[in-house]
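with the input below, show me the fold.
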Amino acid sequence: MAAITEFQKVGIGLMGFGLFFLVFGVLFYFDSVLLAFGNILFLSGLAFIIGFRRTAHFFFQRHKFRGSLFFLGGVALVLCRWPIIGMLVESYGFVLLFRSFFPMALGFLLSVVNIPFLSSFSSNSSSMV
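Numbering: from 1, shown residues only. The predicted structure is shown next:
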């Protein structure tokens, strides 16, 4: 098992606070200050977790350039106080960046059905409908 460094622990905290501010920014009718603060914390947490060089390498790969442009452009729009348009552009860039990850995540979620407790819960909930 890999040891987690102090920088990675700080990064996990920054990403957690970033997600917290993003969720509350959306809940408070796209408050631009909360969304901007959440974006900054999330991106800085990502850099702390995987390192600055690997973060830059992830965003600036040739085949991910379009997704990075939309994602970082959406962050810039949120920082310029256009939160709704910025979050839409940022969401589109997020989908483009992580498009190759979605099948693996879906496979993981479908494998959760094989866990005995959850499979009994899901079979009971489908019979109620």
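
around residue 102, how many other residues sit close by?
10 (other Cβ atoms under 10 Å). C-beta coordinates here come from the backbone N, C-alpha and C atoms, glycine included.

hang on, isn't residue 32 packed against residue 77?
No - counting by Cβ atoms under 8 Å, residue 32 does not reach residue 77; the two are 9.6 Å apart.

what residues are shared contacts of the two?
Residues touching both residue 32 and residue 77 (Cβ atoms under 8 Å, 6 or more residues apart in numbering): residue 83.

which of the two has more neighbours?
For the pair residue 32 and residue 77, the greater number of neighbours falls to residue 77 (21 against 18), based on other Cβ under 10 Å.

surely that one and residue 86 touch.
Yes - contact criterion Cβ under 8 Å: residue 77 and residue 86 qualify, at 3.2 Å.

on contacts alone, who are the packing partners of the longest helix belonging to the chain?
For the chain, the helix with the greatest residue count under DSSP state H is helix 6-27. Contacts defined by 3 or more Cβ pairs under 8 Å, 6 or more residues apart in numbering; DSSP states H and E place helix 6-27 against helix 32-50.

let me see the residues that make contact with the helix it packs on.
7-8, 10-26, 28, 55, 58, 75, 78-79, 81-83, 86-87, 90.

that helix to helix 6-27, inter-axis angle?
160 degrees (axes from the mean of the first three to the mean of the last three Cα atoms, to 10 degrees).

now do whatever helix or strand comes next after helix 32-50: distance to the chain's middle.
Next along the chain after helix 32-50, taking DSSP states H and E as the criterion, comes helix 52-59. Chain-centre distance of helix 52-59: 15 Å, with Cα atoms, centre = their mean, to the nearest Å.
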